[in-house]
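> got a predicted structure plus its sequence, pasted below:
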Amino acid sequence: MRVGCGGEVAGEVLAERLIRLRNSIDLLEVEFSHMAGEFAHTKQYDEEGYDSPISWIKANCHMAGGAAADRVCVGEQLGHLDRLGESCVALAAGEIGFAHLALIAHTSAALASAWMSAGCFDRRPTSALRNSAPSACTPATRPTPTGLSMKR
């Protein structure tokens with residue numbers, strides 16, 4: 001599928017189109033992530049025989065496991081605009097991309113989990129971070145390269 005170019009187009013024009021298209025795709029990824037985070041709080045994946053929302057998204061949305069985990073994590077963290085709000089504004093402005101937002105979301109979740117374990121939160125946490133099952137954001141559920149270990 002090819003949309004729009006038709007004929008000779010200057011490099012400057014293509015560069016601008018690429019930037020705008022990538023930003024639009026990143027915004028769609030945030031919307032997908034929001035839905036993935038909501039889906040993770042249902043039991044639909046279990047009813048269909050999948051062991052996690054990540055495995056359901058991987059199989060049904062034709063995504064790699066890490067990409068599916070990123071979407072669920074970002075979706076879960078979107079519930080904490082105090083953690084991701086400025087990053088979402090930066091993404092909407094085209095200052096960062098979705099991959100950077102996913103990294104920020106994973107870091108935010110890991111820090112929140114560590115702070116809760118240390119008793120540093122004055123308020124009760126919300127979202128999947130307080131559930132007993134590990135979320136897509138925690139290192140326990142993230143794939144690690146062969147030969148490397150993650151400290152817990």
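It's in. Residues are numbered from 1 along each chain as shown.

> run the chain-centre distance for the helix ranked longest in the chain.
Scanning the chain for the longest helix, with DSSP state H as the assignment, gives helix 11-40. Put simply, helix 11-40 sits 12 Å off its chain's centre (CA atoms, centre = their mean, to the nearest Å).

> and it, what does it pack against?
Other elements packing on helix 11-40 under the criterion 3 or more CB pairs under 8 Å, 6 or more residues apart in numbering; DSSP states H and E are helix 53-60, helix 65-77, helix 81-92, helix 98-117. In this view, the C-beta of every residue, glycine as well, is placed from N, C-alpha and C.

> output those helices as TSV; include the columns distance to residue 46, mean pLDDT and mean neighbour count.
Output for those, formatted as TSV (distance: least, CB to CB, whole Å; pLDDT from 0 to 100; neighbours: other CB atoms under 10 Å):
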stretch	distance to residue 46	mean pLDDT	mean neighbour count
helix 53-60	9	98	20
helix 65-77	15	95	25
helix 81-92	27	82	15
helix 98-117	22	86	17
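
> so for residue 28, which of those helices sits nearest?
Comparison of those against residue 28 by CB to CB identifies helix 98-117 as nearest, at 8.9 Å.

> so for the helix or strand following the longest helix of the chain, what's the average pLDDT?
Using DSSP states H and E, the helix or strand that follows helix 11-40 in sequence is helix 44-47. Throughout helix 44-47, pLDDT has a mean value of 97.

> contacts made by helix 44-47 with the rest, please.
With contacts defined as CB atoms under 8 Å, 6 or more residues apart in numbering, helix 44-47 is touched by 39, 51, 52, 53, 55, 56.

> wait, isn't the last one in contact with residue 48?
Yes. With contacts counted by CB atoms under 8 Å, residue 56 reaches residue 48, the gap being 6.5 Å.

> now do the SS call for residue 51.
coil (DSSP: H, G, I helix; E, B strand; the rest coil).

> for it, which non-adjacent residue is spatially closest?
Nearest residue to residue 51, sequence neighbours excluded (CB to CB, 6 or more residues apart in numbering): residue 45, at 7.9 Å.
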